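[1] can't give you the sequence, but here's the structure:
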């Protein structure tokens, strides 16, 4: 089998297409969660802990040139290596929220699957038709009984 044919069979399988759709939706959803964390949650957390801006929490690992603003962006533009732990905190919160939402979604899907299984198990089974050979044997038995009763 040629490599191209194998790849085509792999690419058109339902699971691969489902995975591609999931990745695209996940990327879009990640953008929503990132905005939620950066634009809604982190400002509230910053306000609660004393007007702290997490995006500008960093530790300079070199000398900051005189006259450089003390924002993370300015220090990075000046070429100073920094340990941007505020950005890291934001990413960790972002991940935690995203992981929790995915957990809740998977949990709900599992519950729905369990409900479907229970309904399927509780559904009355259709009666199994009697095999033809048994029907014929019963007819023979009944005919023999009827013949015996006549004699």
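    Here it is on my side, so go on. Note that this is a predicted model, so its numbers are computed, not measured.

[2] The longest helix that the chain contains packs against which elements?
    In terms of residue count, the longest helix belonging to the chain (DSSP state H) is helix 85-122. If you count contacts as 3 or more C-beta pairs under 8 Å, 6 or more residues apart in numbering; DSSP states H and E, helix 85-122 packs onto helix 14-35, helix 42-48. Bear in mind the C-beta positions are built from the backbone N, C-alpha and C, glycine included.

[3] Tell me the helix or strand right after that helix.
    Once helix 85-122 ends, the next helix or strand along the chain (criterion: DSSP states H and E) is helix 132-150.

[4] Residue 57 is in contact with residue 82, isn't it?
    No. If you go by C-beta atoms under 8 Å, residue 57 and residue 82 don't touch, sitting 10.1 Å apart.

[5] would you turn the helices and strands packed on helix 85-122 into JSON lines with mean pLDDT, distance to residue 72 and mean neighbour count?
    Listed next are the helices and strands packed on helix 85-122 as JSON lines, based on pLDDT from 0 to 100; distance: least, C-beta to C-beta, whole Å; neighbours: other C-beta atoms under 10 Å:
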{"stretch": "helix 14-35", "mean pLDDT": "82", "distance to residue 72": "17", "mean neighbour count": "11"}
{"stretch": "helix 42-48", "mean pLDDT": "83", "distance to residue 72": "14", "mean neighbour count": "14"}
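
[6] do you know which of these lies nearest residue 145?
    Closest of these to residue 145 is helix 14-35, at 57.6 Å (criterion: C-beta to C-beta).

[7] residues making contact with that closest one?
    With C-beta atoms under 8 Å, 6 or more residues apart in numbering as the test, helix 14-35 has contacts from 10, 94, 97-98, 101.

[8] Just give me the residue right at the centre of this protein.
    Nearest to the geometric centre of the chain sits residue 102, at 5.0 Å (C-alpha atoms, centre = their mean).
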